[in-house]
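> just coords:
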């Protein structure tokens, strides 16, 4: 989780962002003053005082040791944001805040990554019992980002959590809640174990079967794989020639899987689930939906993202849905009723659905939208 780069200690989860303690320098002060004095900064921060590089340096030099503030950097050392925690050592709680992502980097999922970094530091490093934060009620994107990271809304304008600038949403998260929202794929050793299984001969044959089937349906345009795992589907698509003239992007909720994918295929875009915003011609979901407690919300998002083709591979059955949850691993391994799945897809004019049984309960469904 910690890495030493050119004399600086960074905290990272292996994603696109890393964070380091802010420094009493004009470099950091110039970023902080730029963000804090911007129109969006004045809306986001509760302290509207003008900040200068000099005042930042003075503040860093005088702040108490329990007031932790970090600068967020991309792995190429470009500074893109900030965040912090004020720690109550006796109560083992923390007030999170000062979250900000540079305007030029908004809409890329970096806000969610920064929240995840701060939560991992608070609970995983500081061993806090709980954390809280306040968000302006009008900051809808900020509230949504917090919710995706696992924060829960407690109330609005609670005692001790008000501001003359407008209504304030108070949010909290406990250590137990944080652990419950961690991806099962990110549990210690899980990603490496699953990736090793995916590299078995049987899984290699299965991927070749999938690419052969997909070749009959893929349309001109780029490819987005939702739930890309460790990138092995990307490799299969590349080797089958299905990415010629197309740009591939993969996204996944698991930091550990993304670490493997980025290490294995440098130069290919693999990012968090929050980062896929733009509709894409071909959207793929390979062995994802059977591992969700409820596939319907994800299915709606997949349909929204697919411009021309949505290609799904999952475990299907003509029997009633079979929901199977493994408490030891935190994984769902479900078998989905095909008729109910079609109903969840809905039907619009021009939509065409093509089913194909690949092997046993493994079916593909190509949806032209």
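Structure received. All figures in this text were calculated on a predicted structure; none of them were measured in a lab.
> Pick out the residue closest to the middle of the protein.
Nearest to the mean C-alpha position of the chain, by C-alpha atoms, centre = their mean, lies residue 272 at 3.7 Å.
> Relative to residue 212, how far out is the residue nearest to that residue when sequence neighbours are not counted?
Closest residue to residue 272 apart from its sequence neighbours, by C-beta to C-beta, 6 or more residues apart in numbering: residue 109 at 4.8 Å. Where C-beta positions appear, they are placed from N, C-alpha and C, glycine not excepted. Separation of residue 109 from residue 212 (C-beta to C-beta, to the nearest Å) stands at 32 Å.
> can you map out the helices along the stretch 101-250 of the chain?
All helices of the stretch 101-250 of the chain, identified by DSSP state H, counting those that start in this stretch, fall at 110-119, 140-149, 175-181, 190-198, 201-214, 232-239.
> Counting by contacts, list what the third one packs against.
It stands for helix 175-181. Helices and strands touching helix 175-181, as assessed by 3 or more C-beta pairs under 8 Å, 6 or more residues apart in numbering; DSSP states H and E, are absent.
> same thing but 10 Å
Here helix 175-181 touches helix 110-119, strand 130-136, helix 140-149, strand 168-174, going by 3 or more C-beta pairs under 10 Å, 6 or more residues apart in numbering; DSSP states H and E.
> which of the residues in that helix are buried?
Within helix 175-181, the residues scored as buried using 16 or more other C-beta atoms under 10 Å are 175, 177-178.
> Give the rounded mean pLDDT of that helix.
Averaged across helix 175-181, pLDDT comes to 76.
> Need the residues that contact that helix.
Around helix 175-181, the neighbours that count as contacts under C-beta atoms under 10 Å, 6 or more residues apart in numbering are 92, 116, 119-120, 122-124, 127-131, 148-152, 173-174, 187, 330.
> List only those of those flagged as buried.
Neighbour-count burial (16+ other C-beta under 10 Å) is assigned, among these, to 116, 119-120, 122-124, 128, 130-131, 148-151, 173-174, 187.
> What segments of the stretch 251-369 of the chain are helices?
Under DSSP H, counting those that start in this stretch, the stretch 251-369 of the chain gives helices at 255-264, 296-305, 338-345.
> Which one of those lies nearest to residue 281?
Proximity to residue 281, assessed across the helices of the stretch 251-369 of the chain by C-beta to C-beta, is greatest for helix 296-305 (10.2 Å).
> by how many degrees do that closest one and helix 338-345 diverge?
Comparing the axes of helix 296-305 and helix 338-345 via axes from the mean of the first three to the mean of the last three C-alpha atoms, to 10 degrees yields an angle of 60 degrees.
> Which elements pack onto helix 296-305?
Using 3+ C-beta pairs under 10 Å, 6+ apart, helix 296-305 sits against strand 223-226, strand 280-286, strand 306-317, helix 338-345.
> what's the offset of it from the middle of its chain?
Its chain's C-alpha centre and that of helix 296-305 lie 16 Å apart, by C-alpha atoms, centre = their mean, to the nearest Å.
> care to break this protein down by domain?
2-181, 185-368 (automatic domain parsing).
> Pick out the lowest-pLDDT one from the buried ones among the contacts of helix 175-181.
Lowest pLDDT among those: residue 187, with 73.
> ok so, going back, hey, which of the helices and strands packed on helix 175-181 is tucked in deepest?
Ranked by mean neighbour count under mean count of other C-beta atoms under 10 Å, these are led by helix 110-119, which reaches a mean of 24.
> And that helix, what does it pack against?
Judged by 3+ C-beta pairs under 10 Å, 6+ apart, the packing partners of helix 110-119 are strand 8-12, strand 17-21, strand 67-74, strand 79-88, strand 93-101, strand 130-136, helix 140-149, helix 175-181.
> Let me have these in a markdown table, extended by distance to residue 296.
Below are the helices and strands packed on helix 110-119 laid out as a markdown table (distance: least, C-beta to C-beta, whole Å):
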| stretch | distance to residue 296 |
| --- | --- |
| strand 8-12 | 34 |
| strand 17-21 | 31 |
| strand 67-74 | 34 |
| strand 79-88 | 33 |
| strand 93-101 | 30 |
| strand 130-136 | 28 |
| helix 140-149 | 18 |
| helix 175-181 | 19 |
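> mean pLDDT for those: which is lowest?
With a mean of 76, helix 175-181 has the lowest mean pLDDT of the helices and strands packed on helix 110-119.
> can you pull the contacts of residue 154?
Taking C-beta under 10 Å, 6+ apart, we find residue 154 in contact with 132, 161, 169-172.
> Now residue 118: closest residue in space, sequence neighbours ignored.
Nearest in space to residue 118, with sequence neighbours left out and distances taken as C-beta to C-beta, 6+ apart, is residue 83 at 5.1 Å.
> Now for that neighbour: which residues touch it?
17, 19, 22, 68-72, 96-101, 111, 114-115, 117-118, 121.
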